[in-house]
Structures are given as C-alpha cells and as structure tokens.
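>>> The following block contains a protein sequence and its predicted model.
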Amino acid sequence: MTLTSILPTLQIILSILLVIAILLQRSEESLGGAFGGSDSVDTVKNTRRGSEKTLFQASIVIAVLFTLVSIIVVVTK
C-alpha cells in the first residue's frame, strides 16, 4: 500500500471522528444565540473542565490532522 492509497481512507476516518467530536460537545447557545443575539440573561462565561475540555482539545487536534491530510492529498495528486 502506498501513501496515496492510505490518505483518502485516513481522511474519511478523520472526518467521521471530527463530526462525532463536534456533535458530542455541549452547546449553551439557543437559536437566538446562534445568530448573534442572546437569549440568556446570565452572561457568565462557562469554562471547560474535565471531559468537556478533553473533547474540545481532541476536536482541535482532529481538525488540524484533517486539514493536514487534506493538503497532503491535494499536493500528492
């Protein structure tokens, strides 16, 4: 197996992991907050702790790996 045959498979796996990691994250925003408004009276910033922080950091790592693999796929073609 060559690198050019492994990279698309790796890209698919990373994309699935990225979607799962993003969907598992808790969202404090409601529909109004998604469009720039604020539905919440409480404006205290919530810090990430424990597994929420780990999931957030894993999402960043997976996104960076996905980007790098995507660039390598384009360059090697």
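Thanks, I have the structure now.

>>> helix/strand/coil for the residue nearest the centre of the chain?
In the chain, the residue lying closest to the centroid (CA atoms, centre = their mean) is Ser59, at 3.9 Å. Secondary structure state of Ser59, per DSSP: H, G, I helix; E, B strand; the rest coil, is helix.

>>> And the closest residue to Ala58 other than its chain neighbours, how far from Val74?
Closest residue to Ala58 in three dimensions, ignoring its sequence neighbours and counting by CB to CB, 6 or more residues apart in numbering: Ala21, at 5.7 Å. Quick note: C-beta positions are derived from backbone N, CA and C, even for glycine. Noted for Ala21: a distance of 23 Å to Val74, by CB to CB, to the nearest Å.

>>> So the two - more neighbours on which side?
Between Ala21 and Val74, Ala21 has the larger neighbour count (other CB atoms under 10 Å), namely 18 against 8.

>>> what sits against the more buried one?
By CB atoms under 8 Å, 6 or more residues apart in numbering, the residues touching Ala21 are Leu55, Ala58, Ser59, Ile62.

>>> Let me know whether the third one touches Leu18 as I believe.
Yes - contact criterion CB atoms under 8 Å: Ser59 and Leu18 qualify, at 6.8 Å.

>>> follow-up on the earlier one: now rank the contacts of Ala21 by neighbours and give me the top one.
Going by other CB under 10 Å, Ile62 tops the contacts of Ala21 with 20 neighbours.

>>> Hmm, that one is touching Val19, no?
No - using CB under 8 Å, Ile62 is not in contact with Val19; the gap is 9.6 Å.

>>> check which helix or strand covers Arg48.
In the assignment (DSSP states H and E), Arg48 maps to no helix and no strand.

>>> just Val74 next, same as before
With DSSP H and E as the criterion, Val74 is inside helix 51-76.

>>> before we move on, what about Pro8?
In the assignment (DSSP H and E), Pro8 maps to helix 3-24.

>>> Just the buried residues of that helix, please?
Applying a neighbour-count criterion of 16 or more other CB atoms under 10 Å, the buried positions in helix 3-24 are Leu7, Gln11, Leu14, Leu17, Leu18, Ala21.
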